[in-house]
Structure formats: structure tokens, C-alpha cells
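K.L.:
Have a look; sequence and predicted model below, questions after that.
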Amino acid sequence: MTAPILYVEDEEDYQILVKRILSRAGLEVVIADTGAEGLAALERERPSLLILDINLPDTDGYAI
């Protein structure tokens, strides 16, 4: 089994859309709402791919 994709995004509509598309392709998606949650998920999940919003409520994507 491959590692999941981590998607860090604060907008729920985008979370739903991206997760639906990737899940239909047979991929596991883990979603984090903030930069802090994303960093914790990086350690916990060890994702194969990170998709990161650059405008998060607690940081910008460049800082992560």
C-alpha cells in the first residue's frame, strides 16, 4: 500500500472536490485545515505527495 496524499487546504469546497477526484482514482487523501495541522500530519502520515494551499489562516504555504 502506498502512502497517502496530504492536502493542506482551509476551504471546505476545495477539500471536497480534490478528495473526490483523487479518491475516484484510487488514492488515499488526508486533509489538514491549517499549516500547523499539515505539519503534524506530515510527521504522522509520511505522505507520498503534499498538495499545499499557499494562503492558509495560520501561515502561508511558503513558510512550510
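P.N.:
Cool, the structure landed.

K.L.:
could you give the mean pLDDT of stretch 48-64?
P.N.:
Mean pLDDT, stretch 48-64: 88.

K.L.:
Give me the residues contacting it.
P.N.:
Here stretch 48-64 makes contact (CB atoms under 8 Å, 6 or more residues apart in numbering) with 2-11, 14, 18, 34-36, 38-39, 42. From N, CA and C alone the C-beta is placed, and that goes for glycine too.

K.L.:
what about the chain, any weak spots by pLDDT?
P.N.:
Across the chain, the ranges flagged by pLDDT under 70 are 1.

K.L.:
Describe which strands the host helix or strand of residue 6 pairs with in its sheet and in which direction.
P.N.:
Taking DSSP states H and E as the criterion, the element that holds residue 6 is strand 5-8. According to DSSP bridges, strand 5-8 forms sheet pairs with strand 29-32 (parallel), strand 49-52 (parallel).

K.L.:
So which bits of the last one are buried?
P.N.:
Within strand 49-52, the residues scored as buried using 16 or more other CB atoms under 10 Å are 50-52.

K.L.:
With stretch 43-58 instead?
P.N.:
In stretch 43-58, counting by 16+ other CB under 10 Å, buried: 45, 47, 50-53, 56.

K.L.:
how long is that stretch from one end to the other?
P.N.:
For stretch 43-58, the first-to-last residue distance is 18 Å (CA to CA, to the nearest Å).
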